[in-house]
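1. Model the following, please.
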Amino acid sequence: MSMQPFTTVRGPATPLMLANVDTDVIVRIERLTTLGREQLGPYAFEALRRREDGSDDPACILNDTRFRGAPFLLAGPNFGCGSSREGAAFAVMDFGLRALVGPSFGEIFQVNCIQNGILAITFSEVVIQDLWRQLSERPGAPITIDLPNQMLVAPDRSVHAFNISALRKDRLLRGIDDIDVTLSYRDQIERFEADRRAAVPWLPTMRRE
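-> Sure thing, here's the model as predicted:
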């Protein structure tokens, strides 16, 4: 799955204000053993979205039609805690989310999201609570996340700055991951390998299929 560049995105945010939503809630481990990364979207958050009989739970905010297709999720504290499974980030991405906004995230989960093109940004509890209030009063009201200028514009047009490392920002803006970065040095790598083989021809080399 290729990464989509993230520049400025505008749309609704689903307010899932639950604390300690772990990666097993985001996607069950058994789904990862049977499905590819582009098949996980329908099973994202199924522990919250589905009843025991498999039907949709109308009480779950994720099933609210006002937030259908929302590119953002407003999360509670410690979102993405638990195991380090990268499949949780795959499920979030295939569910259609472009960014997660919360007071805190599981550290590995946050890195996995950013590595896969999902912006995961933190704000103070005061800002998060104010965003939750606005989204509760105006369900479906759009917010804007402007990555180049590192700011979020709330429904009431208040502006909130956020921090992100220059490296991660660049990769999100360009829609590239670690593999893409490595491949950008392919010519230099191949020259190095050729020079090494010429200098030490007795050393074994790895065959390329």
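
2. helices and strands of the protein: which one has the lowest mean pLDDT?
-> Sorting the helices and strands of the chain by mean pLDDT, DSSP states H and E puts helix 178-183 at the bottom, at a mean of 64.

3. what element comes up after that helix heading to the C-terminus?
-> Using DSSP states H and E, the helix or strand that follows helix 178-183 towards the C-terminus is helix 186-199.

4. Packing partners of that next one?
-> In terms of contacts (3 or more CB pairs under 8 Å, 6 or more residues apart in numbering; DSSP states H and E), helix 186-199 is packed against no helix or strand at all. Every residue, glycine included, has its C-beta placed from N, CA and C.

5. what residues are up against Leu48?
-> 16, 18, 25, 57, 60, 62 (CB atoms under 8 Å, 6 or more residues apart in numbering).

6. element containing it?
-> Assigned by DSSP H and E, Leu48 falls in helix 46-49.

7. coming back round to it: which single one of the contacts of Leu48 is nearest to Ala99?
-> Leu16 (13.3 Å; CB to CB).

8. wait, that closest one sits on Pro77?
-> No: using CB atoms under 8 Å, Leu16 makes no contact with Pro77, being 11.8 Å away.

9. which one of those two has more residues nearby?
-> Using other CB atoms under 10 Å, the more surrounded residue of Leu16 and Pro77 is Leu16, with 20 against 17.

10. Phi, psi for the more buried one please.
-> phi -100, psi 80 (degrees, to the nearest 10).

11. hang on, the earlier thing: partner strands of the following helix or strand past the helix holding Leu48, parallel or antiparallel?
-> Per DSSP H and E, the first helix or strand lying C-terminal to helix 46-49 is strand 72-75. Sheet pairing of strand 72-75 (DSSP bridges) gives strand 8-16 (parallel), strand 99-102 (parallel).

12. which residues touch the last one?
-> By CB under 8 Å, 6+ apart, the surrounding residues in contact with strand 99-102 are 6, 9, 13, 71-77, 79-80, 92, 113, 118-123, 128, 131, 145, 152.

13. Where does the prediction get shaky in this structure?
-> 1-2, 178-185, 203, 205-209 (pLDDT under 70).

14. centroid residue for it?
-> Ile118 (3.0 Å; CA atoms, centre = their mean).

15. how near is that one to Trp202?
-> 47 Å (CB to CB, to the nearest Å).

16. What of Leu100?
-> In terms of CB to CB, Leu100 sits 52 Å off from Trp202.

17. between those two, who's got more neighbours?
-> Shown here are Leu100 and Trp202; by other CB under 10 Å, Leu100 has more neighbours (25 against 4).

18. Checking the closest residue to the more buried one other than its chain neighbours next. Helix, strand or coil?
-> Once flanking residues are discounted, Leu100 sits nearest to Ala120: 4.5 Å by CB to CB, 6 or more residues apart in numbering. Following DSSP: H, G, I helix; E, B strand; the rest coil, the label given to Ala120 is strand.

19. Tell me, how many residues neighbour Ala120?
-> Ala120, neighbours per other CB under 10 Å, totals 25.

20. Quick check: it touching Glu107?
-> No: contact criterion CB under 8 Å: Ala120 and Glu107 do not qualify, at 10.4 Å.

21. Please list all residues in contact with the residue nearest to the centre of the chain.
-> Contacts of Ile118 by CB under 8 Å, 6+ apart are 89, 92-93, 97-100.
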